[in-house]
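>>> I need the structure of the sequence given here:
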Amino acid sequence: MEKLVPGLSSKTSQGSLNGRLAYEGGIEDWRTADFNIEIKAQNLQTPRLQKRPISMADISVKNFSGKPNLSILINAHNLGDSSPSGSFSSMGSCDLSKTPSFCEHSLRISELDTEIFNRILNLEKNTITGGKLTASAKLSHLGLRPKSLISTIQGSGDFKILNPQFSGAAISKTIVDRLSSFPQMKGQLKKQGLSGVLREAKGRLTFTSSALSILDAKVKSPSFEFSFPTLQINNFRELNGTGGWTPTPQLITQHGLNLLMNKKGRATIPLTIEGSLYSPKTSFNEEELVLRILERAIKIKSKVNKESASRAFKKLQNRFISGDKRALLQN
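Here you go, the predicted model:
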């Protein structure tokens, strides 16, 4: 690389490049010419890919038969710091007959260490940590210059991260600790089953140059699951959304799960997440949770009909809103 770019030291970048260029057409308008550019990189290493070099990257840019259409193909292997390593591929085209040019691409990422994004994006904090990412996406943009490309890019896709590392165990412990203080939940919690190990995170995404939306996001562990229908990340810095936390029988007994059941028959506790992408805050409404447990306890224990149980709960609910909530829990 230092031979290709004079003054570039071996500490800046290492590796080798091989290329081929074929061009046929008028110099005055390259858009309607026939050309084929092929570049192959081997053992490419830069400061942002510190530990493990790219073993092979193929880049092909073509324009066929004088048509104003540009074809771009990229394949890169051996990305990331562990084995098996990740790979990246892209196939796209640009319509050069339009001003600015309109471009579309299909992307595929396979088993890529997520921590590599901290280096590629030059993030000061390790916002993305742990796990292997597999994803696919389709995107479009206007123009080939970096400024116009970045300002007009948009797309959608899906992703899955195996063994991710998020702060899911912390909020789960907070919820379990609160549940432990409810007399109705005594003996129903299996704290030894609270596993901080996450199996996977997955979802769909849509993005523009300034915002990212994650749809149908789920984070699963043996003892609980997080689910968020929509997460908004504005300017890739601020995160907000509403979702739920659902425990499994590994964490709470079946009777305890019955006490947590909502009207849809799920033991899901509503959550709100908001704040900085680096350190978002997650919270839940404890009063609503208390009322749900009380209502379910009345229905489970009551031997009267549903109408009488409903009247008993409404009476209790009025006392709960205006009175001593903890005293009602004890009773």
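
>>> got the buried residues for stretch 136-150?
By neighbour count on 16 or more other C-beta atoms under 10 Å, the buried set for stretch 136-150 is 137, 139, 141, 142, 143, 149. Heads up, the C-betas are built off the backbone N, CA and C, glycines and all.

>>> need these in JSON lines with distance to residue 183 and secondary structure, can you?
JSON lines is the format used below for the buried residues of stretch 136-150 (distance: C-beta to C-beta, whole Å; DSSP: H, G, I helix; E, B strand; the rest coil):
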{"residue": "137", "distance to residue 183": "50", "secondary structure": "strand"}
{"residue": "139", "distance to residue 183": "54", "secondary structure": "strand"}
{"residue": "141", "distance to residue 183": "58", "secondary structure": "strand"}
{"residue": "142", "distance to residue 183": "62", "secondary structure": "strand"}
{"residue": "143", "distance to residue 183": "64", "secondary structure": "coil"}
{"residue": "149", "distance to residue 183": "60", "secondary structure": "helix"}
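
>>> any chance of those in JSON lines, plus distance to residue 255 and pLDDT?
Below are the buried residues of stretch 136-150 laid out as JSON lines (distance: C-beta to C-beta, whole Å; pLDDT from 0 to 100):
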{"residue": "137", "distance to residue 255": "44", "pLDDT": "96"}
{"residue": "139", "distance to residue 255": "49", "pLDDT": "94"}
{"residue": "141", "distance to residue 255": "55", "pLDDT": "93"}
{"residue": "142", "distance to residue 255": "59", "pLDDT": "93"}
{"residue": "143", "distance to residue 255": "61", "pLDDT": "88"}
{"residue": "149", "distance to residue 255": "57", "pLDDT": "86"}
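
>>> Mind telling me the two of these farthest from one another?
Using C-beta to C-beta, the buried residues of stretch 136-150 span at most 19.5 Å, a distance reached by 137 and 143.

>>> Partner strands of the helix or strand hosting residue 161 and their direction?
Here residue 161 sits within strand 154-162, counting by DSSP states H and E. Strand partners for strand 154-162, identified by DSSP bridges, are recorded as strand 132-142 (antiparallel), strand 200-208 (antiparallel).

>>> and which of the buried residues of stretch 136-150 is nearest to residue 110?
Using C-beta to C-beta, residue 137 comes nearest to residue 110 of those, at 12.8 Å.

>>> Can you name the residues bridging to that closest one?
Here residue 137, judged by DSSP bridges, has bridge partners residue 107, residue 157.

>>> for the chain, what spans make up the helices?
For the chain, helices defined by DSSP state H occupy the ranges 116-120, 146-152, 168-180, 254-260, 286-301, 306-322, 325-330.

>>> between those helices, which has the poorest average model confidence?
Among these, helix 325-330 has the lowest mean pLDDT, at a mean of 52.

>>> Pull out the buried residues from the strand holding residue 161.
155, 157, 159, 160, 161, 162.

>>> nearest to residue 241, of those?
residue 159 (16.1 Å).

>>> residues contacting the closest one?
Taking C-beta atoms under 8 Å, 6 or more residues apart in numbering, we find residue 159 in contact with 133, 134, 135, 202, 203, 204, 205.

>>> Closest one to residue 271 out of the buried residues of stretch 136-150, please.
Among the buried residues of stretch 136-150, and counting by C-beta to C-beta, the member closest to residue 271 is residue 137, at 27.0 Å.

>>> The closest one against residue 107, yeah?
Yes: using C-beta atoms under 8 Å, residue 137 is in contact with residue 107, at 4.7 Å.

>>> Overlap in contacts, these two.
residue 157.

>>> I'd guessed residue 133 sits against residue 112; true?
Yes: using C-beta under 8 Å, residue 133 is in contact with residue 112, at 4.8 Å.

>>> Mutual contacts of those two, please.
By C-beta under 8 Å, 6+ apart, the residues touching both residue 133 and residue 112 are residue 86.

>>> what about the nearest residue in space to residue 237 that is not next to it in sequence, neighbour count?
Excluding the flanking residues, the one nearest residue 237 by C-beta to C-beta, 6 or more residues apart in numbering is residue 277, at 5.5 Å. By other C-beta atoms under 10 Å, 17 other residues sit near residue 277.

>>> what pLDDT does residue 277 get?
72.

>>> what does the one 4 residues further on give?
Per-residue pLDDT puts residue 281 at 84.

>>> Would you enumerate the residues in contact with it?
273, 274, 275.

>>> these two touch, right, the last one and residue 239?
Yes: here residue 275 lies in contact with residue 239, judged by C-beta under 8 Å, at a distance of 6.5 Å.

>>> Measure how buried residue 77 is and give me the count.
Neighbours of residue 77 (other C-beta under 10 Å): 15.

>>> Okay, and the beta partners of it?
Going by DSSP bridges, residue 77 forms beta bridges with residue 56, residue 87.

>>> Having no further points to raise, I will conclude here.
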